[in-house]
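Engineer: Coordinates only, no sequence provided:
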């Protein structure tokens, strides 16, 4: 049977291109279908968006030959400080402090701006002749059978592949057309995202402040700049976002305190609603889901992209190994191995982020005291503290080869 491509990937955000490069590197023909035009992806300026890449994720990018091109723009995360907070008050004396010096591998991760990571991925995909790009194209239908899957395109054409991978976000059309249900609920919270410049150096320290309305993360960027991911109730966030830049900063200042000195906005600011969205299955006949298409979680732990990249690394390994054995990479047996590998970890992450958000996004004095004592206890136990550090660095669990820095 004639196939137009081995693997069709629907979604051109971040996970899709990384998966395309990983699979192309193992000798497969890949087609990357992106609803956005390439010039829209390339021309995005600095809008405050940045990603906390765990150490294992950077090892994966290095194994794919990608990290070398963005390392100079990446800021190492050397420490993480976690504490309770309230606008205008001093932080709680109970806290957790994680220092990269307690593990042997190096920094726990790196902060990378979206504009650097995305453009480098686009350049790498364009340079790889084994990847066919279809930009400004949308999949409107799909039909799977025992041998492969046929995708119907909005432009009027079709594409035949052995496997279709949905990397098309929480509203995944790929998963919906495959009949995969979802568990979803809203948190009635909105994330306010921006970048700030500040007078005092950050020393590579990431701060997580648990405020009554939701967590506030201050994440170090190159130079005297930091990314802000700030959760508020949906109504409050809407009012704050409508303010002028000067008034917006007046609201932000008492929440972060004065330890960074004078602050100002560096780039655009934006918002997005917070919710949990978990696919009931990560696979269907001739279909696999990765990233937000499989699991959209609260950003409280900064693990959304890292979990997606772990999906990508696991799926790429399953497919590459199946191909070496002469097995159909889109077969039910191969996809079952992928789901077995990733399903429990993703469900656990969703449960953990949901529980942490519910525990810390309130101002109940009894719960506040209990969680402060809990943080102090974790901080006082070196073994438990190192476990949290290794978890933050993405070094726990059954790591795919790419996340160990090994090639497929």
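Structural biologist: Everything's here; your move. Keep in mind it's a predicted model, so treat the numbers as computed, not measured. Residues are numbered from 1 along each chain as shown.

Engineer: C-alpha only now, for contacts and for neighbours.
Structural biologist: Will do.

Engineer: how about residue 408, what does it touch?
Structural biologist: Applying Cα atoms under 8 Å, 6 or more residues apart in numbering to residue 408 gives the contacts 22, 26, 316-317, 320, 401-402.

Engineer: Could you turn the buried ones of those into a ChimeraX selection?
Structural biologist: Under the burial definition 16 or more other Cα atoms under 10 Å, those of the contacts of residue 408 that qualify are selected in ChimeraX by:
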select :22,26,316,317,320,401,402
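
Engineer: Tell me which of the contacts of residue 408 fall in helices.
Structural biologist: Residues of the contacts of residue 408 located in helices (DSSP state H): 22, 316-317, 320.

Engineer: how near is residue 123 to residue 69?
Structural biologist: 10 Å (Cα to Cα, to the nearest Å).

Engineer: which one of the two has more residues nearby?
Structural biologist: residue 69 (15 against 11; other Cα atoms under 10 Å).

Engineer: Same list, the ones in helices among the contacts of residue 408, but as CSV with pLDDT please.
Structural biologist: Formatted as CSV, the ones in helices among the contacts of residue 408 follow (pLDDT from 0 to 100):
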residue, pLDDT
22, 98
316, 98
317, 98
320, 97
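
Engineer: Residue 196: which of those residues is nearest?
Structural biologist: For the ones in helices among the contacts of residue 408, the residue nearest residue 196 by Cα to Cα is residue 22; the value is 34.3 Å.

Engineer: Give the full set of residues in contact with that closest one.
Structural biologist: 64, 313, 316, 408.

Engineer: Let's see that with 7 Å instead.
Structural biologist: Shown in contact with residue 22 (Cα atoms under 7 Å, 6 or more residues apart in numbering): 64, 316.

Engineer: Residue 124 versus that one, what's the distance?
Structural biologist: Residue 22 is 11 Å from residue 124, by Cα to Cα.

Engineer: Check residue 391 too.
Structural biologist: Distance from residue 391 to residue 124, by Cα to Cα: 29 Å.

Engineer: More neighbours: which of those two?
Structural biologist: Between residue 391 and residue 124, counted using other Cα under 10 Å, residue 124 has the larger neighbour count: 17 against 14.

Engineer: Give the next helix or strand downstream of the helix or strand containing the more buried one.
Structural biologist: Per DSSP states H and E, residue 124 falls inside helix 114-127. Toward the C-terminal end, the helix or strand that comes next after helix 114-127 (DSSP H and E) is strand 131-135.

Engineer: So which elements touch that next one?
Structural biologist: Packing contacts for strand 131-135, counted by 3 or more Cα pairs under 7 Å, 6 or more residues apart in numbering; DSSP states H and E, involve strand 30-34.
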